[in-house]
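Peer 1: dropping the sequence and predicted coords here.
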Amino acid sequence: MGLISEVLLLPFAPVRGSGWAIQQVLREAERIYYDPATIRTELARLEEQLEAGEITEEEFDQQEDALLDRLETATRSGATGDGTAPR
């Protein structure tokens, strides 16, 4: 029955392949988003913007809170800081 189902589902192979590719892209984007090194870089850039007067103290506080929440999530999930997280 496996061969028959594969033959019948063959027209849907591009859709299944596209779904897999999208899943891989999303996984990589999430890995980068929660990478502690990336978050620390963004925090440093945010502080530079504050010191240069590009953003207000209120904007800094809001963005800093969001970044610290991401860092906490990354730490809880076990991200290693080198761009990888254990699976």
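Peer 2: Cool, got the structure. The shown structure was predicted, so the numbers you read here are calculated from the model rather than taken from an experiment. Residues are numbered from 1 along each chain as shown.

Peer 1: could you use CA atoms for every contact and neighbour count after this?
Peer 2: OK.

Peer 1: any low-confidence regions in this protein?
Peer 2: 1, 79-87 (pLDDT under 70).

Peer 1: which stretches of it form helices?
Peer 2: Counting by DSSP state H, the chain has these helices, from start to end: 2-9, 13-33, 36-51, 57-77.

Peer 1: what angle do helix 13-33 and the third one make with each other?
Peer 2: The one in question is helix 36-51. Relative orientation of helix 36-51 and helix 13-33, computed by axes from the mean of the first three to the mean of the last three C-alpha atoms, to 10 degrees: 60 degrees.

Peer 1: for the shortest one, same thing?
Peer 2: In this structure, helix 2-9 runs at an angle of 90 degrees to helix 13-33, with the same axes, to 10 degrees as the basis.

Peer 1: switch to numbering from 341
Peer 2: Happy to do that; since the first residue is 341 now, the last one works out to helix 342-349.

Peer 1: what distance do you get for the nearest residue to residue 415 once chain neighbours are set aside to residue 360?
Peer 2: With C-alpha to C-alpha, 6 or more residues apart in numbering as the criterion, residue 415 has its nearest non-adjacent residue at 7.6 Å, and that residue is residue 376. Using C-alpha to C-alpha, to the nearest Å, we find residue 376 at a distance of 26 Å from residue 360.
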